[in-house]
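Enquirer: just coords:
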């Protein structure tokens, strides 16, 4: 590491945690190139802020002392840098070479592996079916299917099943009667790595405990022909570790395991840059071209378009200064209801503008997938799809319940 400028990778999603009565910053590679994570003691965190790519290892001690009055032993600094390097948390040659190797392995495999089996759900199909059946038995549905129209859109949570199982169960039970003739499933999932790309397709198939779901490579190749592989597939490796599509598609496959169909898995980067200024996602040329390709695919198949997205992320875990109080929970529910109403009206622009007007205060991590789902439906069918929501829950995001993730499901008909 000596002589090289040291830079921490972007989009590591650090979180403050308490361990043995002390505060630590938790860091883990979101690409899961390493199974290891790091707990950085609070007094050392200022050192991380210096790792911006402008300083070499030998300069860090001097700069910390001169600018912040912190006197860290050289051995402490060097040990931290080495540990960050070993866990691929630095933006350097080691990380780039390793990520390229993992990308080659991902593309060469028969399908995308079930990266979160064993932690969020079992890999055994019988055990998964048993879990899903238990959730469905605990949360039976009473909402009837609309008399007119076909199911064209579905919002599914992508939170873990322990917290979101009831909402998953309500949503997919309500959808079940309309799944018989589905030939193509386009699924938009949140890219939690914080991608710079809005559209991230993959040519790889997806495995679930119920078998392999084949990706419609013709549609992906149409996207590649428009944007070129260097753009369309530049962040394809994000699919390997991202849980959003994996968790939602497992429930889908459980309800459609006896059907012949293809999927189109697309991860969606952040809409953060659109939350200020006058620029809108739909005005981007690449966005319109993508919608044209997806709309053509929908018109050539009996298609279901899924958004794998959660709603609000609020509280100290996500950067807020204060914990969520009972009054704040009530207010949060009212604001979430506004967004849910826009979804049920199939109004993508209203859904977006609600969050923009509040400066993205609730941090809807499903913003891009939900927006893209509604826009694809509108482009394909020439009208907004309308429907209803299934369930709503405010899920704890820390052991004290001071931070929350909110979720819902929705079914849209055209």
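Expert: Yep, it's here. Values in this document were obtained by computation on a predicted structure and should not be read as measured data.
Enquirer: burial count for residue 85?
Expert: 15 (other C-beta atoms under 10 Å). All C-beta spots, glycine's among them, are computed from the backbone N, C-alpha and C.
Enquirer: where does the closest residue in space to it that isn't next to it in sequence sit: helix, strand or coil?
Expert: Excluding the flanking residues, the one nearest residue 85 by C-beta to C-beta, 6 or more residues apart in numbering is residue 94, at 5.8 Å. Reduced to three states with DSSP: H, G, I helix; E, B strand; the rest coil, the structure at residue 94 is helix.
Enquirer: quick check: residue 94 touching residue 87?
Expert: No: if you go by C-beta atoms under 8 Å, residue 94 and residue 87 don't touch, sitting 10.3 Å apart.
Enquirer: these two: which is more packed in?
Expert: Legend: neighbour count by other C-beta under 10 Å for residue 94 and residue 87, higher for residue 87 (18 against 13).
Enquirer: any idea how far that one lies from residue 12?
Expert: 10 Å (C-beta to C-beta, to the nearest Å).
Enquirer: joint contacts of those two?
Expert: Overlap of the contact sets of residue 87 and residue 12 (by C-beta atoms under 8 Å, 6 or more residues apart in numbering) consists of 27, 28, 29.
Enquirer: flag the shaky bits of the stretch 101-250 of the chain, pLDDT-wise.
Expert: 143-148 (pLDDT under 70).
Enquirer: helices of that one, start to end?
Expert: 125-138, 161-175, 217-227, 229-232, 238-241, 244-256 (DSSP state H, counting those that start in this stretch).
Enquirer: so which residue is dead centre in the protein?
Expert: For the chain, the residue whose C-alpha lies nearest the mean C-alpha position (C-alpha atoms, centre = their mean) is residue 190; its distance is 2.7 Å.
Enquirer: isn't that residue up against residue 271?
Expert: No: with contact defined as C-beta under 8 Å, residue 190 does not reach residue 271; the gap is 10.6 Å.
Enquirer: list residues touching both of these two?
Expert: Contacts common to residue 190 and residue 271, judged by C-beta under 8 Å, 6+ apart, are residue 368.
Enquirer: mind giving me the domain split of the protein?
Expert: Here the domain assignment for the chain is 5-101, 115-413, based on automatic domain parsing.
Enquirer: return the set of residues that bridge with residue 153.
Expert: residue 305, residue 412 (DSSP bridges).
Enquirer: can you pull the contacts of it?
Expert: Shown in contact with residue 153 (C-beta under 8 Å, 6+ apart): 304-307, 346, 373-374, 377, 385, 387, 410-412, 414.
Enquirer: repeat that for 6 Å
Expert: By C-beta atoms under 6 Å, 6 or more residues apart in numbering, residue 153 lies in contact with 305, 373, 377, 385, 412.
Enquirer: measure it to residue 188 for me?
Expert: For residue 153, the distance to residue 188 equals 10 Å [C-beta to C-beta].
Enquirer: find the residues that touch each one of these two.
Expert: Here residue 153 and residue 188 have residue 373 as joint contacts, going by C-beta under 6 Å, 6+ apart.
Enquirer: next up, the contacts around the nearest residue to residue 403 once chain neighbours are set aside.
Expert: Spatially, and ignoring its direct neighbours in sequence, residue 403 is nearest to residue 315 (2.6 Å; C-beta to C-beta, 6+ apart). By C-beta under 6 Å, 6+ apart, the contact set of residue 315 is 324, 402, 403, 404.
Enquirer: I'd like these as a markdown table, with secondary structure appended.
Expert: Below are the contacts of residue 315 laid out as a markdown table (three-state DSSP):
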| residue | secondary structure |
| --- | --- |
| 324 | coil |
| 402 | coil |
| 403 | coil |
| 404 | strand |
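Enquirer: and of these, the nearest to residue 79?
Expert: residue 403 (31.4 Å; C-beta to C-beta).
Enquirer: count of neighbours near residue 132?
Expert: Residues within reach of residue 132, counting by other C-beta under 10 Å, total 21.
Enquirer: quick one: residues contacting it.
Expert: Neighbouring residues of residue 132 by C-beta under 6 Å, 6+ apart: residue 254.
Enquirer: make it 8 Å
Expert: 168, 169, 251, 254.
Enquirer: how about residue 24, secondary structure?
Expert: Judged by three-state DSSP, the three-state class of residue 24 is strand.
Enquirer: who does it form a beta bridge with?
Expert: Residue 24 has the following beta-bridge partners by DSSP bridges: residue 17, residue 41.
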